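Trainee: Kindly return the folded structure for what I paste below:
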Amino acid sequence: MSAPFTRNLIIQFNDLGKEVTIMFALINSDMQSLYQDHFPTFQSFRVSKFGKTGAHRTQLTYTNHRLFIIKAAFTKAQVADGNFISAGTSIKVNPGQKTTLTEANNVFSFSSPQSGSPGFVQAMNNTGSIQDIAVGFLNKGDFVPTPALYFDDVGDGNQVTAQLTPILHVYLTSDYQESTILRGAIETPAIWSQDLTGLAQHTAWNLKRDPSSGRYTLVHA
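Mentor: Model prediction:
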């Protein structure tokens with residue numbers, strides 16, 4: 001197995017002068033069917049609120065070997081107000097692997113990952129009925145993976161495919177919470193976007209606010 005791809009980012013600022021709510025989201029902007037066939041969910045990302053005075057710092061860690069295919073353990077009615085409720089059966093996969101979801105006596109299981117299309121993760125629904133499937137990550141300290149992409153109404157015999165280029169977007173908005181399934185593009189423009197593969201393993205970034213214009217920027221420390 002190849003070494004894990006890991007990126008650690010520190011976001012810091014001091015006496016910003018205004019309270020801010022920062023949303024960090026991994027969204028692959030190259031996905032042509034985003035918001036049509038599958039949807040991002042912020043449950044595996046972070047929404048953090050910070051005060052206007054004092055020193056503040058938060059750390060983000062991304063590791064590609066914490067990637068999972070998830071059988072969503074809920075019916076459509078249990079996705080309350082666009083929020084992801086819970087996840088059930090899951091299996092760890094690496095980019096370039098595929099798995100098959102089956103059901104026997106009301107017990108769902110994924111097959112052992114096999115070689116698939118390079119750069120993609122894939123899951124085939126072979127349960128005999130429509131299912132909800134998600135692709136997600138296992139955050140440090142968690143026992144259950146949380147979703148990054150949610151696919152609903154996946155028909156029997158159909159396959160879901162995701163190419164997860166780790167593009168981190170930083171927004172200043174309080175309109176979302178960490179369990180929200182996003183079914184449309186974020187209206188607030190990102191103040192910063194970066195393909196994490198182009199960064200060093202450890203980087204630090206300073207959040208700054210221009211008091212005259214109110215414009216925020218994120219610059220390398």
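
Trainee: what element comes up after the lowest-mean-pLDDT helix or strand in the chain heading to the C-terminus?
Mentor: Every helix and strand of the chain was ranked by mean pLDDT, DSSP states H and E. The lowest is strand 39-40, at a mean of 53. Downstream of strand 39-40, the next assigned helix or strand under DSSP states H and E is strand 46-50.

Trainee: Just name whatever secondary elements the very next helix or strand once past that following strand is in contact with.
Mentor: Using DSSP H and E, the helix or strand that follows strand 46-50 in sequence is strand 55-63. When contacts are defined as 3 or more Cβ pairs under 8 Å, 6 or more residues apart in numbering; DSSP states H and E, strand 55-63 sits against strand 6-14, strand 20-26, strand 46-50. (Each C-beta comes from the backbone N, C-alpha and C, glycine too.)

Trainee: Ok, which of these comes nearest residue 170?
Mentor: Nearest of these to residue 170, taken as Cβ to Cβ: strand 20-26 at 5.8 Å.

Trainee: Does anything pack onto that closest one? Which helices or strands?
Mentor: strand 46-50, strand 55-63, strand 167-172.

Trainee: Pull out the buried residues from that strand.
Mentor: Within strand 20-26, the residues scored as buried using 16 or more other Cβ atoms under 10 Å are 20, 22, 23, 24, 25, 26.

Trainee: One more: stretch 195-212?
Mentor: Buried residues in stretch 195-212, counting neighbours by 16+ other Cβ under 10 Å, are found at 196, 199, 205, 207, 209.

Trainee: My guess is the second one contacts residue 8. True?
Mentor: Translated: residue 199. No. Applying Cβ atoms under 8 Å as the test, residue 199 and residue 8 come out as separate, 9.4 Å apart.

Trainee: Quick check: which of the helices and strands packed on strand 20-26 has the most neighbours on average?
Mentor: strand 167-172 (a mean of 19; mean count of other Cβ atoms under 10 Å).

Trainee: mean confidence for it?
Mentor: The pLDDT scores in strand 167-172 average 87.

Trainee: list the buried ones in the next helix or strand after it?
Mentor: Using DSSP H and E, the helix or strand that follows strand 167-172 towards the C-terminus is strand 192-195. Of all the residues in strand 192-195, those buried under the rule 16+ other Cβ under 10 Å are 192, 194.

Trainee: can you put the helices and strands packed on strand 20-26 in JSON lines and add distance to residue 125?
Mentor: Formatted as JSON lines, the helices and strands packed on strand 20-26 follow (distance: least, Cβ to Cβ, whole Å):
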{"stretch": "strand 46-50", "distance to residue 125": "30"}
{"stretch": "strand 55-63", "distance to residue 125": "27"}
{"stretch": "strand 167-172", "distance to residue 125": "27"}
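
Trainee: Alright, that wraps it up for me.
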